[in-house]
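[1] sequence first, predicted coordinates after that:
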Amino acid sequence: MSADPTPHELIRFDNVTKRFGDNTVLDNLCFSVETGKHVTLIGPSGSGKTTILRLLMTLVKPDEGVISVNGGRLFPADEKEVREVRKNIGMVFQQFNLFPHMNVLRNVTEAPVRVLGMSKDEAAERAKGLLDLVGLGDKQDMRPTQLSGGQQQRVAIARALAMRPQVLLLDEVTSALDPELVAGVLDVLRDIARTTDITMLCVTHEMNFARDISDDVLMFDAGRVIESGSPEKIFSDPEHERTREFLGAVL
Amino acid sequence: MNHWDWSAVTDFMPTFWDGLLVTLQVLVLGSLLSFTLGLVWAIGYRGPRWVRWPVNAVTEFIRNTPLLVQLFFFYFVLPEWGVQASALTTGTLAIGLHYSTYTAQVYRAGIDAVPAGQWEAATALSLPVPRTWFAVILPQAIRRIVPALGNYVISMLKDTPLLMAIGVLEMLQQARLASAQTFQYAEPLTVVGVAFILIAYPASLLMRALERRLVR
């Protein structure tokens, strides 16, 4: 489909600063992500990685700066523009955050029906396809609480994809899982990274996964990007001393 | 001391049924009003400052002044300003309004207990605000608070006799009128007391059943 040969900037942060009290989490941050790229954010905890995803999802507001997605403004912007731009963004959370009072199918169909105006039948048809994709086609009538953590997270992935987002934000999606359930979730995400053109922004401590799916890796420290490059470069030949220390600690 | 006189009971019964009907009417309509208004207040507590502040002020004021004073105010003062309604209507609205400030606190606790991640997931899916409230947050909040709301219905039942102060012909007022004619106080008052137990106890059983069904 992509007729446009020049890379297109999908996400852009210009001089974004975010403080929580006296703590400056992001400090005049500038970076951009091109359409279709898979970008992994790494760095010590508290370095602002998750805050970037939460800013993009409009769960928090920056103190200063400009955030745009696909040419539209997320900040500063009025509520109407935010709603329009946000529809292109989906997020998978560390704690899954499925709706516990709805069955699996309804978790996946709720937003397409209510936000995209899809018919219930069409939404259910697509939801079944997505549940098959994440390996849970037989679980559509279950409640989230009846599923394992790994299964819940895969439903959450299907739920995010049901909105056909251009951008998928993955916030430490395996951190809350028992070790034996991590692989199933990462396999699903590898599959999605390989077979779709969704732009992914990923915060993870799974360095092998990051190496597999990423086009670019951004190393954060104290609210700034201190180094970026291909996973091969960052993981095997990092330039920055802090990157070396960090990778030495986690690998 | 007089002996118990069954004929006094029989004589009281026709007006007792009238009183019971009025009490139940006040209870049902007052509860519905308190559930609805309480929800409006609770949603207001989460609104922007220009909503939150007045809602807080009004509900704190109503919650911390006696129902009896409010009844007198609505019944005797509002007509001076041209707002007129029957004693029954005034009493029902006043008790519903008063209890809405209690149910608002219950709703608030239930809403606060829904994890922040549920709001975040709703935002991430771009669900409109009303849909987030009514499809995501409230269904989870209300399950947990049905027993607490039920307890306020039972409290309200026991406050309905206050409405006699503005002349509503509920059970206790009927008993008082009957006693005033015959000077037999024990029988009508006992009938009314038994009636309160017969309504309140099954109601509390019903609440417990609902609790088992809803609070999982």
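    Noted; the coordinates are in hand.

[2] remind me which residues of chain B are low pLDDT?
    B:1-2, B:215-216 (pLDDT under 70).

[3] near chain A, which residues of it?
    B:115, B:117-118, B:120-121, B:123-128, B:131, B:135-136, B:139-140, B:143 (CB under 8 Å from any CB of the partner chain). Just so you know, the C-beta spots here come from the backbone N, C-alpha and C atoms, and that holds for glycine as well.

[4] can we see that at 6 Å?
    For chain B, the residues in contact with chain A (CB under 6 Å from any CB of the partner chain) are B:Gly117, B:Glu120, B:Ala121, B:Ala124, B:Leu125, B:Ser126, B:Arg131, B:Val136, B:Pro139, B:Gln140.

[5] could you dump the residues you listed to TSV with neighbour count?
    Below are the residues of chain B next to chain A laid out as TSV (neighbours: other CB atoms under 10 Å in any protein chain shown):
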residue	neighbour count
B:Gly117	15
B:Glu120	19
B:Ala121	26
B:Ala124	28
B:Leu125	27
B:Ser126	24
B:Arg131	18
B:Val136	21
B:Pro139	16
B:Gln140	17
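
[6] just the closest of those residues to B:Asp11, please.
    B:Pro139 (50.4 Å; CB to CB).

[7] can you read off the pLDDT for the closest residue to A:Ile213 other than its chain neighbours?
    If the residues on either side of it in the chain are set aside, A:Ile213 comes closest to A:Ala193, at 4.3 Å by CB to CB, 6 or more residues apart in numbering or on different chains. With respect to pLDDT, A:Ala193 scores 93.

[8] pretty sure A:Ala193 contacts A:Val39?
    No: with contact defined as CB atoms under 6 Å, A:Ala193 and A:Val39 do not form a contacting pair (11.2 Å).

[9] please identify which helix or strand holds A:Ser32.
    When elements are assigned from DSSP states H and E, A:Ser32 belongs to strand A:23-34.

[10] how about the helices in the stretch 101-250 of chain A?
    Shown for the stretch 101-250 of chain A, the helices assigned by DSSP state H, counting those that start in this stretch span residues A:104-114, A:120-133, A:149-161, A:179-195, A:207-213, A:231-236, A:241-250.

[11] for the fifth one, name the packing helices and strands.
    Spelled out, that is helix A:207-213. When contacts are defined as 3 or more CB pairs under 6 Å, 6 or more residues apart in numbering or on different chains; DSSP states H and E, helix A:207-213 packs onto helix A:179-195.

[12] the spatially most central residue of chain A: what's it in contact with?
    With distances taken as CA atoms, centre = their mean, the residue of chain A nearest its centroid is A:Leu169 (1.2 Å). Contacts here follow CB atoms under 6 Å, 6 or more residues apart in numbering or on different chains; on that basis A:Leu169 touches A:Leu53, A:Leu56, A:Met91, A:Leu201.

[13] next one: B:Thr59
    B:Trp41, B:Thr101, B:Ala104.

[14] so which of the contacts of A:Leu169 sit within helices?
    Among these, DSSP state H puts A:Leu53, A:Leu56 in helices.

[15] which ones among the contacts of A:Leu169 also lie next to chain B?
    Near chain B, by the rule CB under 6 Å from any CB, you find A:Met91 out of these.

[16] re earlier: packed most tightly, which of the helices of the stretch 101-250 of chain A would that be?
    Mean neighbours per residue, mean count of other CB atoms under 10 Å in any protein chain shown, is largest over the helices of the stretch 101-250 of chain A for helix A:149-161, with a mean of 25.

[17] now it and helix A:104-114, what's the angle there?
    20 degrees (axes from the mean of the first three to the mean of the last three CA atoms, to 10 degrees).

[18] for helix A:149-161, give me every contacting residue.
    A:90, A:92, A:96, A:98, A:104, A:107-108, A:130-131, A:134, A:136, A:144, A:173, A:177, A:181, A:184-185, A:188.

[19] ok so, going back, by neighbours, which of the contacts of B:Thr59 wins?
    B:Ala104 (25 neighbours; other CB atoms under 10 Å in any protein chain shown).
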